[in-house]
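Colleague: Let me see the structure of the following:
(2 chains)
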Amino acid sequence: MILARLALRNVLRNRRRTGLTLLVVIAGFMALSLAGGFMAQTFDGLSQAAIRGGIGHIQLLHPSALEGDEGQSLEFSIPDGEALAARLRQDPAILDVLPRIQFMGLLSNGPKSVAFLGTGVDPGREPKFMAVLDSLKDGAKAKGGEGSRWLATEVGSREVILGVGLAKSLGAAVGSSLTLMSTNKEGGLNAVDVEVVGLQDVGLRELNDRLLTVSLDSAANLVDAGPARSRLSILLKRPGDTALELPRVQALAGKEVQALPWFELASFYKQVKLLYLAIFGFMGLVLFLVVLLATANTLLMSVMERVREFGTLRAMGLQAGQLTSLLQWEGALLGLSGSACGLVLTLLFRVAVNAMHLQMPSPPGTSHGYELNIHWVPMVYLGVFLGLQLTLQLSALFPGLKAAKLRIVEALRHV
Amino acid sequence: MLRLHNLTRAYELGGERAGVFDVSLEVPAGCLAVLAGPSGSGKTTLLQLAGLLDEPDEGEVILQGQRVSRLPEKARCDLRLRRLGFVFQSFNLVPVLSALENVMLPLQLQGLHEAAARQRAAETLDQVGLSERMEHRPGQLSGGQQQRVAIARALAPRPVLVLADEPTASLDHAHGGPLMDLMATQCKASGVSFLVASHDPSVIARANLVFRLQDGRLTATEGAA
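Modeller: This next block holds a predicted model:
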């Protein structure tokens, strides 16, 4: 402990220089941990958007469903999807299973027809687990969206919810009557008159221009699906166990269908995550480099000022390795105190920023912004602390080795 | 106790060959010995060789019957810690430590527990007359007091030999004399030997043995232990 005590005194020896070095460490800690909290908010938001946007935690689909376009509706479907869904609902790890029918076609107001991407969902189950009501609320703010409501649960109701862009292109509003046309499994054309009961804004412009939601019953009738379903979205009781449960769900579902987790299906999430990791990874690297150079410079200067002192210590019997340890202790103390101050300031800054309810601009391709909320992620703070500590130890290594290599007789002569 | 046998250590200084050449001498236990000579005569070089701070080109340093000058640095470092003490011209105290902590430092490096080190350091500081100044830092002490702390630091680990390089050169006459008296007292009281490099007549006058050096060679030995 004598080396630790000596290191502490040495760190306090030149307070102004130590203070400046600490500022660099604190700034590095704050920048990295705040960026980590912001990333966590983004990843969390995107993952929730993907899961609650319809994918669920695990999705079951036909093995060829992701490989190519369907020639006709339900070409790549789960043949007896309803029965499989009912069977899976019995599993203790599964919260619920939401069957879906995906289909394409034309929506017409008479003079004009627009292509759509339709999804048939269970109107009773869907709002319990998916964010459909949130997107409806946003749709209600759109022109013609006033009075938006969710689909009725009665069998036989012919109601649709349109993406705000799709409704706009047809001049449709809540209460409008439109004609829905699609091909059935055999390729025959089918049409049905529907009433618009709501507008939906899912936040992505391209999707809003094509999105159409109907009840599972309506979709099944339109495309003559029978018990076949395009996909089954599975909600787990413990979302964190998705990767763990995946092989079990696959085994339960059989080889005819493929089970995929949400993080493999959510391509936007994957792309943004990679982009953020690249951007913040580079930023982190630069920050670590700045901290490394600043602290190495401080420690090296402090070594150069203490050459004779080191010579004396070595003459007294301090081993070369102990001298390196002394510098390591000094680096460690700078890192510990810098990280401790950085942690306190980061937490205060985080609380202040979150309390301001700042609105972030719309990310590319989306239609509305979001509130900045820097998340508290202990692992990020731990990672930043360990990274900085390692950087400080690394920065102390060269000065330590330089001090250890000093020839004692020359060090004692040093002025 | 210390024997230097045919020691040679040569180096270039201003284009000329300097150092010590073929020096042999012996310092018995409990002896205050002085290496005397003008500047550049090789006093400091010889002291550094005897203190295992440097390796001779030729010859041997024999400490308590053991050949030690060719030992690996780690072993020599350990010998410096356990058997040797050093006093420097400009004191070389650690400025961020108090007088007590400076004296405790080598004891703690030896592995002594803090309480034991504190007690022994306090006792040693008391012996050199600094019991009232233990908590002062070097910057708060006079030159004479700092050198007393340095002597206490050298003596506290109970070495067999203390090597002092011009210990009175930074002190005025009023402080230099008592400091040498203190060394002489310690020689008698604890049996520790002192090998002092100095050209100060008041230092030489207090020595049991005087080794006179000229141009790196031992020219005369005066006195007896």
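Colleague: use CA for all of it now, contacts and neighbours both
Modeller: Noted.
Colleague: For the residue of chain B found nearest chain A, the count of nearby residues, please.
Modeller: In chain B, the residue that lies nearest chain A is residue B:81 (4.1 Å; C-alpha to the nearest C-alpha). Using other C-alpha atoms under 10 Å in any protein chain shown, residue B:81 has 26 neighbouring residues.
Colleague: and it, that's in a helix?
Modeller: Yes - assignment of residue B:81 by DSSP: H, G, I helix; E, B strand; the rest coil places it within a helix.
Colleague: Apart from its neighbours in sequence, what residue is nearest it?
Modeller: Distances taken as C-alpha to C-alpha, 6 or more residues apart in numbering or on different chains put residue A:317 closest to residue B:81, at 4.1 Å, once the chain neighbours are dropped.
Colleague: and if you look at residue B:216?
Modeller: Nearest one to residue B:216, counting by C-alpha to C-alpha, 6+ apart, is residue B:20 at 3.9 Å.
Colleague: and the gap between the residue nearest to residue B:81 and residue B:103?
Modeller: When distance is defined by C-alpha to C-alpha, to the nearest Å, residue A:317 is 13 Å away from residue B:103.
Colleague: Which residue ranges of chain B form helices?
Modeller: For chain B, the helices defined by DSSP state H cover B:43-50, B:73-83, B:99-109, B:114-127, B:143-155, B:173-190, B:201-205.
Colleague: By mean pLDDT, show me the worst of those helices.
Modeller: Mean pLDDT values for those show the minimum at helix B:173-190, a mean of 83.
Colleague: same for that helix, what does it pack against?
Modeller: strand B:32-36, helix B:143-155, strand B:193-198, helix B:201-205 (3 or more C-alpha pairs under 8 Å, 6 or more residues apart in numbering or on different chains; DSSP states H and E).
Colleague: Just want the phi and psi numbers for residue A:203.
Modeller: Note on residue A:203: its backbone torsions stand at phi 90, psi -10 [degrees, to the nearest 10].
Colleague: In the stretch 301-415 of chain A, which residue sits closest to chain B?
Modeller: Closest point on the stretch 301-415 of chain A to chain B, by C-alpha to the nearest C-alpha, is residue A:317, at 4.1 Å.
Colleague: Test my guess that that residue contacts residue B:79.
Modeller: Yes - counting by C-alpha atoms under 8 Å, residue B:79 is a contact partner of residue A:317 at 7.5 Å.
Colleague: So which of these two has more stuff around it?
Modeller: When neighbours are counted by other C-alpha under 10 Å, residue A:317 and residue B:79 differ, and residue A:317 comes out ahead with 26 against 20.
Colleague: Report the separation between the residue nearest to the spatial centre of chain A and residue A:34.
Modeller: By C-alpha atoms, centre = their mean, chain A has its centre lying nearest to residue A:43, at 1.3 Å. In this view, residue A:43 and residue A:34 are 14 Å apart by C-alpha to C-alpha.
Colleague: swap in residue A:117?
Modeller: Here residue A:117 is placed at a distance of 39 Å from residue A:34 (C-alpha to C-alpha).
Colleague: So these two - more neighbours on which side?
Modeller: Higher neighbour count among residue A:117 and residue A:34: residue A:34, with 22 against 18, using other C-alpha under 10 Å.
Colleague: residues in chain A within reach of chain B, list them.
Modeller: A:2, A:6, A:9-10, A:13, A:308-309, A:312, A:314-319, A:408-409 (C-alpha under 8 Å from any C-alpha of the partner chain).
Colleague: and the helix ranked longest in chain A, how far from the chain's centre?
Modeller: For chain A, the helix with the greatest residue count under DSSP H is helix A:267-305. Distance, stretch centre to chain centre, for helix A:267-305: 22 Å (C-alpha atoms, centre = their mean, to the nearest Å).
Colleague: Might you report the residue contacts of the residue of the stretch 301-415 of chain A closest to chain B?
Modeller: B:77, B:78, B:79, B:80, B:81, B:82, B:106, B:109 (C-alpha atoms under 8 Å, 6 or more residues apart in numbering or on different chains).
Colleague: before we move on, back to that, tell me which of the helices and strands packed on helix B:173-190 lies nearest to residue A:326.
Modeller: Residue A:326 sits nearest to helix B:143-155 of all the helices and strands packed on helix B:173-190, at 20.0 Å, using C-alpha to C-alpha.
Colleague: Which elements pack onto the closest one?
Modeller: With contacts taken as 3+ C-alpha pairs under 8 Å, 6+ apart, helix B:143-155 sits against strand B:84-87, helix B:99-109, helix B:114-127, helix B:173-190.
Colleague: and residue 50, how many neighbours?
Modeller: By default, I'm working from chain A. Applying other C-alpha under 10 Å, we find 22 residues neighbouring residue A:50.
Colleague: Hmm, no, I was thinking of chain B.
Modeller: Counted by other C-alpha under 10 Å, the residues lying close to residue B:50 total 26.
Colleague: Ok, the one 3 residues further on next?
Modeller: Residue B:53 is flanked by 24 other residues according to other C-alpha under 10 Å.
Colleague: Distance check, residue B:20 against residue B:197.
Modeller: 14 Å.
Colleague: cool, and residue B:63?
Modeller: Residue B:63 is 18 Å from residue B:197, by C-alpha to C-alpha.
Colleague: These two: which is more packed in?
Modeller: residue B:197 (29 against 22).
Colleague: I'd like to know the beta-bridge partner residues of that one.
Modeller: Assessed by DSSP bridges, residue B:197 has beta-bridge partners residue B:35, residue B:165.
Colleague: Who are the contact partners of it?
Modeller: By C-alpha under 8 Å, 6+ apart, the contact set of residue B:197 is B:34, B:35, B:36, B:43, B:44, B:47, B:164, B:165, B:166, B:167.
Colleague: If we use 7 Å, what do you get?
Modeller: For residue B:197, the contacting residues are B:34, B:35, B:36, B:43, B:44, B:164, B:165, B:166, by C-alpha atoms under 7 Å, 6 or more residues apart in numbering or on different chains.
Colleague: Give me the pLDDT for the residue nearest to the centre of chain A.
Modeller: For residue A:43, pLDDT reads 88.
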